[in-house]
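> structure, please.
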Amino acid sequence: MSLYCISVKTGLEEKFKENVLPLVNGNNCAFQGFIHILRKRMRLKNGKEYFDAFFPGYVFLETEECEASKLYVLSGEKYFLRFLPSNSSVSPLVKGDLEIVSSILRFGSTVGIVPVNFDAGDRVIITDGPFKDFSGNVIAVNRRNKRLNIQIDFMNGVRVVGLCYEEVQKQPAK
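Take a look at the predicted model:
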């Protein structure tokens with residue numbers, strides 16, 4: 001199976017998924033596949049929990065289809081913006097990007113609440129959950145709300161990933 005990243009209008013990921021499901025799983029489908037929207041479980045100050053997009057504006061297509069020309073059928077759908085890395089050369093995720101998305105999908109498409117104990121500037125390794133064995137730099141810790149921002153390399157750039165706490169440790173000194 002290959003994973004492709006599709007950029008869609010932010011906040012409309014679910015509507016895009018509804019629109020394209022018949023194209024990837026219907027009777028007259030162009031190819032077989034699954035559309036994944038990665039989410040994270042968040043907690044408000046008052047203790048209420050909700051779900052938020054993990055990578056806002058991105059959906060992931062999992063398919064065995066190797067012919068990129070067949071994937072272009074999705075580009076005509078409402079809310080579609082572009083294939084990543086570019087529309088002119090549709091290609092599946094590779095290396096680090098593939099590792100990150102595959103790791104999340106192994107645990108389902110929702111990242112749970114992740115507690116941690118460290119300070120901004122620390123280099124950390126995530127020791128449990130869908131990001132197990134990934135590392136990044138802590139840029140902000142909100143202990144009161146039990147939230148954390150980590151910089152990770154994703155999609156040929158640095159992305160800030162907001163997580164709730166769970167199990168993260170400082171990376172051992174080399």
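> run through the protein and note the low-pLDDT ranges.
Judged by pLDDT under 70, the chain has its weakly predicted residues at 26, 28, 113-117, 129-131, 144-146, 154, 164-169, 172-174.
> ranges for the strands of it?
Assigned by DSSP state E, the strands in the chain fall at 2-8, 33-36, 39-43, 49-53, 58-63, 80-84, 110-111, 123-126, 135-142, 147-153, 158-164, 168-170.
> redo those as JSON lines? Include mean neighbour count.
Backbone N, C-alpha and C define where each C-beta goes, glycine included. Formatted as JSON lines, those follow (neighbours: other Cβ atoms under 10 Å):
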{"stretch": "strand 2-8", "mean neighbour count": "20"}
{"stretch": "strand 33-36", "mean neighbour count": "20"}
{"stretch": "strand 39-43", "mean neighbour count": "18"}
{"stretch": "strand 49-53", "mean neighbour count": "12"}
{"stretch": "strand 58-63", "mean neighbour count": "21"}
{"stretch": "strand 80-84", "mean neighbour count": "17"}
{"stretch": "strand 110-111", "mean neighbour count": "19"}
{"stretch": "strand 123-126", "mean neighbour count": "18"}
{"stretch": "strand 135-142", "mean neighbour count": "17"}
{"stretch": "strand 147-153", "mean neighbour count": "18"}
{"stretch": "strand 158-164", "mean neighbour count": "17"}
{"stretch": "strand 168-170", "mean neighbour count": "18"}
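> now these as CSV including distance to residue 95?
Formatted as CSV, the strands of the chain follow (distance: least, Cβ to Cβ, whole Å):
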stretch, distance to residue 95
strand 2-8, 12
strand 33-36, 19
strand 39-43, 23
strand 49-53, 23
strand 58-63, 15
strand 80-84, 14
strand 110-111, 21
strand 123-126, 18
strand 135-142, 15
strand 147-153, 10
strand 158-164, 15
strand 168-170, 22
